[in-house]
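Participant: Sequence below, structure please.
(3 chains)
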Amino acid sequence: MNSLSRRRFLKIATTTILAAGVAGRATRALAAAAAANGGPSGTRRVPTYCDICFWKCGAIASVRNGELWKIEGNPSDPLCRGRLCPRGTGGIGAHTDPDRLRAPLIRTNQRGEEKWEEVTWDEALEYIATRMKKIASDHGPESMALFAHGVGGTFLKHTLKAYGVNNIAAPSFAQCRGPRDVGFRLTFGDDVGSPERTDIENAGCLVLIGSHLGENMHNTQVQEFATAVGRGASLIVVDPRFSVAASKAKFFLPIKPGTDLALLLAWMHVLVAEKLYDADYVAKYGFGFEQFAASLTSYTPEWAFVETGIEPGVIRATAREMARYHPATLVHPGRHVNWYGDDAQRSRAVALLNALLGSWGRKGGFYQPSSMDIPAYPYPHYPKASRPTVDNPGRKFPFAHEAISTGIRDATLTGQPYPIKGWMVYATNLLNALPNQAETIRAIQQLDLLVVVDVIPSEIAGWADVVLPESIYLERFDELNPEYFKEPFLALRQPVVESPNDQKPNWWIARSLAQKLGLGAYYPWKDIEEYLEYRVTAAGLSYPELKQKGILHGPRQPLYFDEGAPAEFDTPSKKIEFYSLQLEKAGFDPVPRYTPPPPGPAGSFRLLFGRAPMHSFSRTQSNRLLSDLMSENVVWINHTAASRLGLKTDDYVRLRNQDGVVSNRIKVKATERIRPECVYLVHGFGHTSRGLRHAFGKGASDSQLITRYRTDPLMGGTGMNINFVTVEPEA
Amino acid sequence: MARYIMVIDTRRCVGCMDCVVACKTENNIPEGYTRDWITETVCGEFPTVGLEIRTERCNQCANPPCVSCCPTGASHVHERGGVVLVNKDECIGCKACLAACPYDARFIHPDGYADKCTFCIHRVEKGLDPACVSVCPTHCMHFGDADDPLSEVSRLLTSRPQHTLLPEAGTKPRIYYLT
Amino acid sequence: MTEFTLYRHNPLLDPAVHVWGWEIPVYLFLGGLVAGLMIIAGVRLLIMRPTARQALVCCTVGPLIGLVLLSAGMFALFLDLSHKFYVWRLYLAFEPTSPMSWGAWILLFVYPALLANALTHLPEAIPALAKRVPVLVTISDYILARPRIVVGIGLANMAIGVALGIYTGVLLGAMGARPLWNSAVLGPLFLFSGLSTAAALLHGILVLTTPDDERPQFADFLLSMVARWSQARPLDTRIAPTLAQADNSFLTIELGLLGFLLIGHLTSTAVHQQAAGLLLTGPYAAVFWVFVVGLGILVPLVIQHLELLHRIRHTIAPSLLVLSGGLVLRFVLVAAGQASHWATALP
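Facilitator: Take a look at the predicted model:
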């Protein structure tokens, strides 16, 4: 948690807030009040914030004649600027989804058979508490682990920490953005964060490496991306697939998969060799530049051409293009970057390229985010864990700064360094999030207790002993969101409608469980609003105003170095580390070094996966509004490669991976938009949970085919783009 | 008299379908049906490829064949802005208008009548943009009055190259795509 | 190479337009057939020789059957409506630009015209019925006593029949959105196809109503086709040589109009050429060539020609072929028309 201490919390005086909140926004407050008190034709409008993905956009839900009608963006929300993404707009479908979990369930048959008995909340919580107590008495409380994704996990984390649990992880680190944050920390001493601190809006030149903004629908980023495109910003897209972003690009570099680091090194080679980098910036803030520059000499564009398939002339031209717009050249760090197992080093190369261009701390590059200081609720101290966490024994992955989800899975499988006997899983479909489903299932079989808290019967819920149905975000209060962003703000999630069945909000579940575990003292507040009001008031803000507006704003802070944002780098040298002594000391390459990716079996395609704008992970496919937009995924195959296999668009095929795993049937998209040696599909489809009646068996699951992964030696991330498939026509 | 049009910037559009789902919630469109949709047209050979993504809907044609073929007058041109609407209480569900539309922009609502994009006239009459326009995260859609030379849509039409869909079908479509 | 992806799944439209199923082709076929019956009935009424059996069939039995068939056709049309209980809205408006509105109003006049034609000679045609319902005789006598009314009925049947026949074609022909339909030829094409089917139907009725012992058996028909085709046969005045003759003329004109339709499309824009291709070489070509052109027009032309040459006996075979050809023509045009479109990028 030292990441939090290093962030610059804003100390905002009460008077400042009052001034900004009342005087500066009087007119808006009036408008919002009018809207909240009924609005036109008897509709009720309630501000809240979204939970279909983790971006947490401010939303205003309209209720007409007691029925949830529509959800729009909150105009005063800096994240969505009044415009939600399709998933947020389609959030209604999460409320009306007929496949939702309705009541607590206890397993009656073998794990994974999806046979349940409906029980009362009291029975379910009693069942969990009894088994948690047994695990604690047999193995110690640390033998319970929590996987939680998103803001809704806050209260369960609180309960489990109060119980003495220290093994708490989310797949968002080791399966998603971890390598990026490690690479940037090693270089700049700070994370990219979420929402990313990328100033896309002001970028003169934007470089996307495998990042498919537009298909990847992170609202603010896509809005800023469209603004940049509309402004005519120079766009360089590197991708084996002609993505939507690529179609807007000035330069599309159709790279051979797995060779991005070679391109990055060649770009840096050109910038250094042609002295195009930001010399003043590097001299002022850089450490170890000479050694770094010396290590680049062999990485010529001609060398990179052989690896990447990108013409040397194009590499030079794009490097010069980046230099032309610097420091407003943003080489986007991406988000899901666990690709090939060398991802922290590749991300470090992205960081270094940005450093050469001087974009960190500069307009059009990376800004300095800030947030409002909302005091924590004064809970009793958590008990001190008697054993360290299991996910990274002996600091095997020295640069992991968050818990490694797959590390907990390994410990569960092996019982080392100590046994893990219980999992609680909140809002993350581990079977589809972690690579190698068989390993996850074997780990589950080692458990004495698997509890899943979710809104839909996900695949992981199918393996649970107890399934707890959560109210969806439109039906519950939740933790406050004081987001780190361009401008500080505080957002509230509050219920718009009631839960249709016996679903309960996460805070109620967490508190009730704590009470069953004899931890009532950790929940001194009577209900969630008391908790929320305490924290908001303690920050010198008005809770009623927050309820009415959904968003409160803090004063804008300097974003860039030249505006007065502090140019501080929390690295050992307190500078931008072009040459990393801490990597060297730990036995790693101090400057990224390229290793070609091992090729796949002959006649097979590399399996790549990505996102569709209307779905979040594997949790929205049963949302009828969103599945109406895309109900099954398709496998992209290069047109020529497909013709050679006698396949055309809309033919059904199955994918067989190198380990003989065969996918569900999936339609072909024979297209000119992808290189011939890889196939691509959108993640989240091919559901096998029978409870997801609408989504069951539609499309294919990439997760099922990702049986192999390569672990990043720096931080334990699982590189997943190393699987290969053959395509078999469906008879 | 106003003449409502849409101007859509295909350079900004990412095809996220927010317009589609916004229309569905705003207008209570039943599951399995839609008044607007996305198309993708790809030309060229990898890696020299071009892609145009368009959000499409009823073109609110100035010469609407769906109106002229309607036997009951249920399909009509609204006095405000020239928007083509269907009066569901006059529609007999003969589907001539579906067959007459070169854009396949109409469908039969499960309740039996022909349904289509209304340019969200109920919102427009309150001074709001159509739902699809107001939700678009890329700000690629613009709605306004083509007869007002100072409107944003008029300005966009004079400043950027554009095309309409199937102008050769003779319907005089009023949704313009900036390229 | 162009790839086109449409992210829309509206029923009746996607992946291919299929707004009209079997009901509309059946309605168009029956509408055309009734139009033909009306015209023939009108003409026969004006040049009546009451003693001739075939004239009575044309003027009385034809219209009576027409009333039944038209009702069946309108029932098919009604089945196709998706907002059925609002069907009365058709008669609260007349939309001059809408062929369907024209059709709705024309249909209103078809019933009385057909009925009048049938009533004129009903007592002679179906004496048994007239005996039981004497008022029929009164009506018939009243009409026949006033030649101007007879002429009026005949002309009205001809005029309304032409309007009805053309309307069934214009209904499709006015759809600019479907290039295959979008031709003025469709009006006369459906009119003459309707006439040919009507003549064939009446011809068939005459053959069927010939007393059993005089009617050729199927084996006889086959023999007359194969073995005795060159053998001249006696003139059989009872079995409508004029109808067969007329039918041949209608079929010949229909064939010509089909040719004009395709020539028009083939010499027009790319989308129209593509539309014609659907019939000529595309997915509908087999049905079009075999069932419409071959069995529906050319074969009955030959058979009826032989009948007229008295080389073979009159049978119901050509009637059945022409009728089924007319029906298949409607089906194939409705289906292929919906498959034709302006968006050439579509697969």
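
Participant: C-alpha only now, for contacts and for neighbours.
Facilitator: Fine.

Participant: List the contacts of A:P388.
Facilitator: The contact partners of A:P388, by C-alpha atoms under 8 Å, 6 or more residues apart in numbering or on different chains, come to A:N166.

Participant: Tell me how far it lies from chain C.
Facilitator: Using C-alpha to the nearest C-alpha, to the nearest Å, one gets 51 Å for the distance from A:P388 to chain C.

Participant: same thing with A:F685?
Facilitator: For A:F685, the distance to chain C equals 17 Å [C-alpha to the nearest C-alpha].

Participant: The stretch 201-347 of chain C: strands as residue ranges?
Facilitator: Assigned by DSSP state E, counting those that start in this stretch, the stretch 201-347 of chain C shows no strands.

Participant: Please enumerate the helices of the stretch 1-150 of chain C.
Facilitator: C:23-46, C:53-56, C:62-80, C:99-120, C:122-125, C:127-132, C:134-144, C:147-173 (DSSP state H, counting those that start in this stretch).

Participant: Could you list the buried residues of the last one?
Facilitator: Along helix C:147-173, these residues count as buried under the neighbour rule (16 or more other C-alpha atoms under 10 Å in any protein chain shown): C:150-151, C:153-173.

Participant: What of the second one?
Facilitator: Residues of helix C:53-56 classed as buried under the neighbour-count rule (16+ other C-alpha under 10 Å) are C:53-56.

Participant: Could you dump the residues you listed into CSV and include distance to chain A and pLDDT?
Facilitator: CSV is the format used below for the buried residues of helix C:53-56 (distance: C-alpha to the nearest C-alpha, whole Å; pLDDT from 0 to 100):
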residue, distance to chain A, pLDDT
C:R53, 61, 73
C:Q54, 58, 75
C:A55, 59, 80
C:L56, 59, 82
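
Participant: where in the chain is pLDDT low?
Facilitator: Since you didn't name a chain, this refers to chain A. Within chain A, the segments meeting pLDDT under 70 span A:1-41.

Participant: ah, I was thinking of chain C
Facilitator: Scanning chain C for pLDDT under 70 picks out the ranges C:1, C:48-52, C:211-240, C:344-347.

Participant: Specify the residue ranges that define each domain of it.
Facilitator: Chain C breaks down into these domains under automatic domain parsing: C:16-174, C:177-347.

Participant: Whether the shortest one contacts chain B - can you check?
Facilitator: In other words, domain C:16-174. Yes: judged by C-alpha under 8 Å from any C-alpha of the partner chain, domain C:16-174 and chain B are in contact via C:17, C:19-20, C:80-87, C:89-95, C:97-102.

Participant: what does the longest one give?
Facilitator: Yes: among the residues of domain C:177-347, C:177-178, C:338, C:341-343 lie within reach of chain B under C-alpha under 8 Å from any C-alpha.

Participant: Identify, out of the helices of the stretch 1-150 of chain C, the most deeply packed stretch.
Facilitator: helix C:23-46 (a mean of 28; mean count of other C-alpha atoms under 10 Å in any protein chain shown).

Participant: correct me, but C:A336 touches C:L172?
Facilitator: No: the criterion here is C-alpha atoms under 8 Å, and C:A336 misses it with C:L172 at 11.7 Å.

Participant: does the nearest residue to A:T297 once chain neighbours are set aside count as helix, strand or coil?
Facilitator: Distances taken as C-alpha to C-alpha, 6 or more residues apart in numbering or on different chains put A:H269 closest to A:T297, at 6.5 Å, once the chain neighbours are dropped. What DSSP: H, G, I helix; E, B strand; the rest coil gives for A:H269 is helix.
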